[in-house]
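> quick one, structure for this:
(2 chains)
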Amino acid sequence: MPSDVRYEDDSVFIRIVQRSPEQLTAFYLGRQFNRAAIGQILDTCFVTPIIRNKTFDVLWLELDHWRFGRGDENIARIKRDYWPDKWDQSELPQAQRSTFGWTLMPEVRDLRPDESVGGSVVIPWQDQPFTLTMNFATGADRQGPPKTIVFEDVECVTDPP
Amino acid sequence: MRNRPALSHAVMSACLWFATLPALAAEPLPKGLLVLDGRAAPPLVLDDLDGERWDISEARGRWLFVHFWATWCGPCRKEMPTIQAIFPKFDASQLEIVLINTAETEDTVFAFLAEVAPDITPLMDSDGLVTEQWQPRGLPATFFVDPQGRLQYLAFGGRPWDSPEYLEFVQRLLGQ
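Here you go, the predicted structure:
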């Protein structure tokens, strides 16, 4: 999969941007992250979707309803509670910890009509392509028709040699 | 001749608030604006870029445009010129525009705002903890706080504040 992939239909626009280690390093160095913290980040794989709700109803972003996998194999997400210990080990200051939190995709968001959300979803580094299945509930009470979008052959991007 | 006692500023503000809310309730909101439940705004005490302290508890009697942002956020960068554009249109005694930078350095903030919004002095949430307390649903986001210190509206995702639709919303808020 290319590093910038888009999907659009009547109800949703999704763009997935895969950042290389060099791009992630540049971004977080620019935010004054120390090298130890960046090392922790580069041990993982960042998948960065931007999602826009094009409907007139609520579209539910719930990361626990997404699946990362390869065939029958599930790839477990790295959640927010993974990072505090890593930041303690890296001696990362509070300002950078706050910034990092805002660069992640929220765990749950009731996307209102025309609302967009973007951020990184983190998984362990993968040497092989994987599938990302995004499952969305719809409607304020989550009782509307569910929506599923599948991205095949997503990769953790490496820098060119 | 008997003198009538003047209405206090607080009472006048309350009258203004009650007068505007029903009018706003009848009008459709521009895209990206959510009605909030009117709970009290969280505490907000921060220093601005000049080192002057700002405390929300001392800002009663006027509407507040409390805007959370960071320079690394694309929609924030796109929205900021529109905030600069509306800044001179409103008297600070009616609407105070409060920019809160989330967790960046003074140099970073100064370099950006000097180009894009030179008239507005931001508050510096240097460790990001005030932003976390306010939970702004992402960056950028703008809370409209009423003259009694209550959260009334939230604008998410970067809005073109200098466009007619959003300007009219703010003007209606102020009873203009």
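> isn't A:Val121 right up against A:Leu63?
Yes: using CB atoms under 8 Å, A:Val121 is in contact with A:Leu63, at 6.3 Å. C-betas here are computed from N, CA, C, even on glycine.
> can you list residues touching both of these two?
A:77, A:105 (CB atoms under 8 Å, 6 or more residues apart in numbering or on different chains).
> look up the closest residue to the residue in chain B that chain A sits nearest to, ignoring the ones flanking it.
As assessed by CB to the nearest CB, chain A sits closest to B:Gly128 within chain B, at 2.5 Å. In space, B:Gly128 comes closest to A:Ser98 once its chain neighbours are excluded; the distance is 2.5 Å by CB to CB, 6 or more residues apart in numbering or on different chains.
> how many neighbours does residue 90 have?
No chain in the question, so chain A it is. Using other CB atoms under 10 Å in any protein chain shown, A:Ser90 has 20 neighbouring residues.
> wait, chain B was what I had in mind.
20.
> how close does it get to B:Tyr166?
12 Å (CB to CB, to the nearest Å).
> with B:Val45 instead?
Relative to B:Tyr166, B:Val45 is positioned 29 Å away (CB to CB).
> neighbour count: the two, which is higher?
When B:Val45 and B:Tyr166 are compared for neighbours, B:Tyr166 comes out ahead with 19 against 12, by other CB under 10 Å.
> quick one: contacts for the most centrally placed residue in chain B?
The residue lying closest to the centre of chain B (CA atoms, centre = their mean) is B:Phe65, at 0.8 Å. Going by CB under 8 Å, 6+ apart, B:Phe65 touches B:83, B:95-98, B:142, B:144, B:170.
> which ones among those lie within helices?
Among the contacts of B:Phe65, DSSP state H puts B:83, B:170 in helices.
> so the residue nearest to B:Glu165 when sequence neighbours are not counted is in which element?
Nearest residue to B:Glu165, sequence neighbours excluded (CB to CB, 6+ apart): B:Pro30, at 4.6 Å. Using DSSP states H and E, B:Pro30 sits in no helix or strand.
> ok so, going back, where's the residue nearest to the centre of chain B, which helix or strand?
strand B:63-69.
> check B:Glu115 too.
Assigned by DSSP H and E, B:Glu115 falls within helix B:106-116.
> which helices and strands sit right next to that helix?
helix B:74-86 (3 or more CB pairs under 8 Å, 6 or more residues apart in numbering or on different chains; DSSP states H and E).
> residue ranges with poor pLDDT in chain B?
In the predicted model, chain B carries pLDDT under 70 at residues B:1-26.
> could you redo the last one with a cut-off of 90?
Scanning chain B for pLDDT under 90 picks out B:1-28, B:157, B:175-176.
> quick one: pLDDT of the closest residue to B:Asp127 other than its chain neighbours?
If the residues on either side of it in the chain are set aside, B:Asp127 comes closest to A:Gln94, at 4.3 Å by CB to CB, 6+ apart. On the pLDDT scale, A:Gln94 is placed at 98.
> pretty sure A:Gln94 contacts B:Gly128?
Yes: shown here, A:Gln94 and B:Gly128 form a contact pair, counting by CB under 8 Å, at 6.7 Å.
> surely A:Phe13 is in a helix?
No: counting by DSSP: H, G, I helix; E, B strand; the rest coil, A:Phe13 falls outside a helix, being strand.
> so what's it up against?
Residues near A:Phe13 by CB under 8 Å, 6+ apart: A:6-7, A:51-52, A:54.
> so it bridges to which residues?
With DSSP bridges as the criterion, A:Phe13 is bridged to A:Glu8, A:Arg52.
> for A:Phe46, see how far away it is.
20 Å.
> cool, and A:Thr25?
Computed as CB to CB, the A:Thr25 to A:Phe46 distance reads 12 Å.
> those two: who's more crowded?
A direct count of neighbours by other CB under 10 Å for A:Thr25 and A:Phe46 places A:Phe46 higher, at 25 against 18.
> hang on, the more buried one in a helix?
No: counting by three-state DSSP, A:Phe46 is not part of a helix but strand.
> surely it touches A:Arg19?
Yes: applying CB under 8 Å, one finds A:Phe46 in contact with A:Arg19, separated by 5.8 Å.
> buried residues in stretch B:91-105, which are they?
By neighbour count, with 16 or more other CB atoms under 10 Å in any protein chain shown as the criterion, the buried positions of stretch B:91-105 are B:94-104.
> identify the residue spatially nearest to A:Arg77, adjacent ones excluded.
Closest to A:Arg77 by CB to CB, 6+ apart is A:Ile123, at 5.7 Å.
> what does stretch A:114-125 rub up against?
Against stretch A:114-125 from outside (CB under 8 Å, 6+ apart): A:43-54, A:61, A:63, A:66, A:68, A:75-78, A:82, A:102-106, A:109, A:111, A:130, A:156, B:31-32, B:75, B:138, B:156-157.
> how long is it from one end to the other?
33 Å (CA to CA, to the nearest Å).
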